[in-house]
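Novice: Give me the fold of what follows.
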Amino acid sequence: MVAYIIAQVDVTDIDQYKQYAARTPAVVAAHGGRFIARGGRTVVLEGEADNRRVVVIEFPSLERAEAFYNSPEYQEAKALRIGAADGRFIAVEGV
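Specialist: As a prediction, this is how the structure comes out:
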């Protein structure tokens, strides 16, 4: 069953965040993932509006999503995000 990682990210240092963003796609692809949404225009339909960047990544399974997130390659890229952005990352199974 497919799964998604949904991230809401508040970028605080765009230059450092760009380094993170440049390294992530290869790691996503190596784990069978693909970006569905990556920081495009958003419209808040309910709740408070904020400026967080929204990213949605699809994986073949929840296990593959977790393997991506916990992989040494992503953890190395993630180190570039620390201090450049704060966020929430959630993995959820699709239907």
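Novice: For the rest of this, base every contact and every neighbour count on C-alpha atoms.
Specialist: Fine.
Novice: just the helices in the protein please.
Specialist: Counting by DSSP state H, residue ranges of the helices within the chain are 14-30, 62-70, 72-81.
Novice: Centre of the chain to the first one, how far?
Specialist: Translated: helix 14-30. 10 Å (CA atoms, centre = their mean, to the nearest Å).
Novice: Please enumerate residues in contact with it?
Specialist: For helix 14-30, the surrounding residues in contact (CA atoms under 8 Å, 6 or more residues apart in numbering) are Val11, Arg34, Phe68, Glu73, Tyr74, Ala77, Lys78, Leu80, Arg81, Ala84, Ala85.
Novice: what about the second one, how many neighbours?
Specialist: Think Arg34. As a burial measure, Arg34 scores 17 neighbours (other CA atoms under 10 Å).
Novice: shouldn't it be in contact with Phe59?
Specialist: Yes: between Arg34 and Phe59 there is a contact at 6.8 Å, judged by CA atoms under 8 Å.
Novice: In contact with Phe89: list those residues for me.
Specialist: Ile5, Ile6, Ala7, Gln8 are the contacts of Phe89 under CA under 8 Å, 6+ apart.
Novice: Looking at the contacts of helix 14-30, which is nearest Gly40?
Specialist: Val11 (14.0 Å; CA to CA).
Novice: of all the contacts of helix 14-30, which two lie farthest apart?
Specialist: Across the contacts of helix 14-30, no pair lies farther apart than Arg34 and Ala84, at 23.0 Å, counting by CA to CA.
Novice: If any of the contacts of Phe89 are buried, give me the PyMOL selection for them.
Specialist: For the buried members of those, the matching PyMOL selection, counting by 16 or more other CA atoms under 10 Å, is:
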select buried, resi 5+6+7+8
